[in-house]
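S.K.: Build me a model:
(one chain, ligands or ions: 1)
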Amino acid sequence: MKILWTPWRSKYIETFKEEKKGEKHKTCFLCDAINGVGEDKDRLIVARKKHCFVILNKFPYNNGHILLAPYRHIGEMNDLNNEELIELTFTLKDSVEILKKIYCPSGFNIGINLGRSAGAGLPEHLHFHVVPRWDGDTSFMATLFDVKIVSQSLEETQAILKRAFDEYLKQNI
Ligand SMILES: [Zn+2]
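M.R.: Residues are numbered from 1 along each chain as shown. Alright, predicted model coming up:
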């Protein structure tokens, strides 16, 4: 019996089902976020660098779950040029330091899902996931029912991480 309701995961699963049925026009949420109108905070962007950017996962598995992606809409590792590869790697390193300072996690999951069968929700635009982890955050509820409790709102998280990235990048140029 599913006791808790997780609106963010349910919405994600529904979107995925619709896409699969071809009922929804396919768009790229990463390109939409970068090229859209309005402020970065409304689109959950926390850092813009020269070749890549950092954005919150709209359907987080934990507080502070971020995505790192190149600006270019490319889906293969081999499509990354040297500048993108270098900047993504450094941004990955910086992201871990920033998340450590803000959330004090006891570990991280860092990864990239290449292709639908590997679990990529958006295989056409590659992106790294960085997920902070705490001891005991994988409860039986999460494991059995895909239920997670994320205590911080996306708006709060965006504001905190945007400030942290700005400060960190200023000090480390
Ligand atoms: Zn894209």
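
S.K.: what's the span of stretch 117-134, first residue to last?
M.R.: Length of stretch 117-134, first residue to last, Cα to Cα, to the nearest Å: 27 Å.

S.K.: buried sites along it?
M.R.: Neighbour-count burial for stretch 117-134, with 16 or more other Cβ atoms under 10 Å as criterion, is recorded at 120, 122, 125, 126, 127, 128, 129, 130, 131, 132. In short, each C-beta sits where N, CA and C put it, glycine included.

S.K.: what's the burial count for the closest residue to residue 87 other than its chain neighbours?
M.R.: If the residues on either side of it in the chain are set aside, residue 87 comes closest to residue 51, at 4.6 Å by Cβ to Cβ, 6 or more residues apart in numbering. Each residue near residue 51 was counted by other Cβ atoms under 10 Å, and the total is 17.

S.K.: Kindly report the same for the one 4 residues further on.
M.R.: As a burial measure, the neighbour count of residue 55 was computed by other Cβ under 10 Å and equals 23.

S.K.: what are the phi and psi values for the residue nearest to residue 87?
M.R.: For residue 51, the backbone dihedrals are phi -120, psi -10 (criterion: degrees, to the nearest 10).

S.K.: Great, nothing more from me.
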